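**Student:** Got a sequence here, can you build the structure:
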Amino acid sequence: MTFQDLVPLEQMSAIAQWLNNTFGSMDQAILTFYHNMHEALGTPMDIFVQFFTKLGDGGIFLILLSLFLMLFKKSRKVGIGMLGGIIIGALFTNIAIKNIVARPRPYNYLQIYRDWFQSIWHWGFESEFSFPSGHTTAAMASMTPVFLFCNKKKSWLAFLFVIVLGATRNYIMVHFPSDILGGIIVGGIAGLLSFIIVNAVYDKLCKTGKFGQTLENADIRNLFKKKA
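**Tutor:** You can find the predicted model right below:
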């Protein structure tokens, strides 16, 4: 197994170099495990992974889900929290951290990762840099408010979505495992900030004026009740 450099370590930013030096062995071991899984399980696993990772593209599925939840009175606060987390996470990740760290994706770092990537993924290369994972950031940023706002005996299951989505990003070799860890941390912070902001603002808005009453009481199901 040859690990040939595509981007020499000394050409990376200082933070990217630190990440590769600190987590390189862990990243290599986990990515090797996922490639071995690909070779052992083949097409059925590939199809599942490709479908699941597409759910995270651009955060579109999560945004639509948050907007859907906002249509109902009981889940509106959760939906707003989710959307807020996604927005905050995107600002952190895509506007700031990715460009500052400028870490190459696995397939742009080592030839072996590129070979593994091309054996699984056939829809072209991903844009931007690798750290942290935008998919994982958005997932964690949206699922954290779900966990905090809902019944925690069940809502912790929301984090399974984060874990599986992160694993699919490693499986197709577009992120290092340490990118996923970074996305979980950044997304968790973004989701917590959204939860705090929504908790501080939502109830106050609901108590003031016509807009507040609409925010508190509007429910899409009322439209169907009136028609009936």
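**Student:** how about residue 122, secondary structure?
**Tutor:** Following DSSP: H, G, I helix; E, B strand; the rest coil, the label given to residue 122 is coil.
**Student:** how close does it sit to residue 18?
**Tutor:** From residue 122 over to residue 18 the distance is 33 Å, taken as CB to CB, to the nearest Å. All C-beta spots, glycine's among them, are computed from the backbone N, C-alpha and C.
**Student:** which residues are contacting stretch 190-206?
**Tutor:** With CB atoms under 8 Å, 6 or more residues apart in numbering as the test, stretch 190-206 has contacts from 77, 80-82, 84-89, 92, 137, 140-145, 148-149, 211-213, 215-216.
**Student:** mind running it again at 6 Å?
**Tutor:** Residues outside stretch 190-206 that contact it (CB atoms under 6 Å, 6 or more residues apart in numbering): 77, 80-81, 84-85, 88-89, 92, 141, 144-145, 148, 212, 215-216.
**Student:** C-alpha coordinates for it, PDB please?
**Tutor:** Output of stretch 190-206 as PDB, limited to C-alpha atoms (Å, rounded to 0.1, in the frame of the first residue of the first chain):
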ATOM      1  CA  ALA A 190     -23.900  26.400  16.400                       C
ATOM      2  CA  GLY A 191     -26.900  24.300  17.500                       C
ATOM      3  CA  LEU A 192     -26.400  25.300  21.100                       C
ATOM      4  CA  LEU A 193     -26.200  29.000  20.200                       C
ATOM      5  CA  SER A 194     -29.400  28.700  18.100                       C
ATOM      6  CA  PHE A 195     -31.100  27.000  21.000                       C
ATOM      7  CA  ILE A 196     -30.100  29.800  23.400                       C
ATOM      8  CA  ILE A 197     -31.100  32.500  21.000                       C
ATOM      9  CA  VAL A 198     -34.500  31.000  20.100                       C
ATOM     10  CA  ASN A 199     -35.300  30.300  23.800                       C
ATOM     11  CA  ALA A 200     -34.400  34.000  24.600                       C
ATOM     12  CA  VAL A 201     -36.400  35.500  21.800                       C
ATOM     13  CA  TYR A 202     -39.200  33.200  20.800                       C
ATOM     14  CA  ASP A 203     -41.400  33.400  23.900                       C
ATOM     15  CA  LYS A 204     -41.000  37.200  24.100                       C
ATOM     16  CA  LEU A 205     -42.000  37.600  20.500                       C
ATOM     17  CA  CYS A 206     -45.100  35.500  21.100                       C
END
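**Student:** Report the buried residues of that stretch.
**Tutor:** Going by neighbour count (16 or more other CB atoms under 10 Å), the buried part of stretch 190-206 is 190-195, 198, 202, 206.
**Student:** burial count for the closest residue in space to residue 191 that isn't next to it in sequence?
**Tutor:** Closest residue to residue 191 apart from its sequence neighbours, by CB to CB, 6 or more residues apart in numbering: residue 144 at 2.6 Å. Neighbourhood size, residue 144 [other CB atoms under 10 Å]: 28.
**Student:** what ranges do the helices span in the protein?
**Tutor:** For the chain, applying DSSP state H gives helices covering 14-41, 43-54, 60-69, 76-90, 98-101, 106-109, 111-120, 134-149, 152-155, 158-171, 177-206, 209-217, 221-227.
**Student:** other SSEs contacting the second one?
**Tutor:** By that I understand helix 43-54. When contacts are defined as 3 or more CB pairs under 6 Å, 6 or more residues apart in numbering; DSSP states H and E, helix 43-54 sits against helix 158-171.
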